[in-house]
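# Build me a model from this:
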Amino acid sequence: MEKTTERQKFGIRDITATSSVLVNGMQGYLFQEKNWERQRSSITWIDSDKNLQFTIHAYLPQSVILQMAESVSELP
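The predicted structure follows:
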């Protein structure tokens, strides 16, 4: 059984990189975990014209999370 650390108890994650990214022309941030296969990474961005914030959490590499974010679109 894996021991729970104090950091894990309080939801503190070991983020290795925070990158500024563009998602369909909108400013966003990607938070990549050290071990993305076991800890989820996140991407968040804001559409200021529509006053909406988007966030995706996933156990995926940076390129796939960014591709997912870029595929988000408004329904007709």
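# Counting neighbours, what do you get for Ile56?
19 (other CB atoms under 10 Å). C-betas here are computed from N, CA, C, even on glycine.
# and Trp45, that one's in a strand?
Yes - assigned with DSSP: H, G, I helix; E, B strand; the rest coil, Trp45 falls within a strand.
# Secondary structure element for the residue lying closest to Gln62 once chain neighbours are set aside, which one?
Of all residues not flanking Gln62 in the chain, Gln32 sits nearest, at 5.4 Å (CB to CB, 6 or more residues apart in numbering). Here Gln32, judged by DSSP states H and E, is contained in strand 26-33.
# For that strand, which strands pair with it and how are they oriented?
strand 15-23 (antiparallel), strand 41-47 (antiparallel) (DSSP bridges).
# want to throw those into a markdown table with mean pLDDT and distance to Ala69?
Output for the strands paired with strand 26-33, formatted as a markdown table (pLDDT from 0 to 100; distance: least, CB to CB, whole Å):
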| stretch | mean pLDDT | distance to Ala69 |
| --- | --- | --- |
| strand 15-23 | 82 | 5 |
| strand 41-47 | 92 | 5 |
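# any idea which of those strands is most buried?
Counting by mean count of other CB atoms under 10 Å, strand 41-47 has the highest mean neighbour count of the strands paired with strand 26-33, with a mean of 19.
# As CSV, could you dump the C-alpha coordinates of the strand holding Gln32?
In CSV, the C-alpha atoms belonging to strand 26-33 read as follows (Å, rounded to 0.1, in the frame of the first residue of the first chain):
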residue,chain,number,x,y,z
MET,A,26,-7.1,32.8,-26.2
GLN,A,27,-4.5,33.1,-23.4
GLY,A,28,-4.2,29.9,-21.3
TYR,A,29,-2.0,28.0,-18.9
LEU,A,30,-0.9,24.4,-18.9
PHE,A,31,0.1,22.8,-15.7
GLN,A,32,2.1,19.6,-16.5
GLU,A,33,2.7,17.0,-13.8
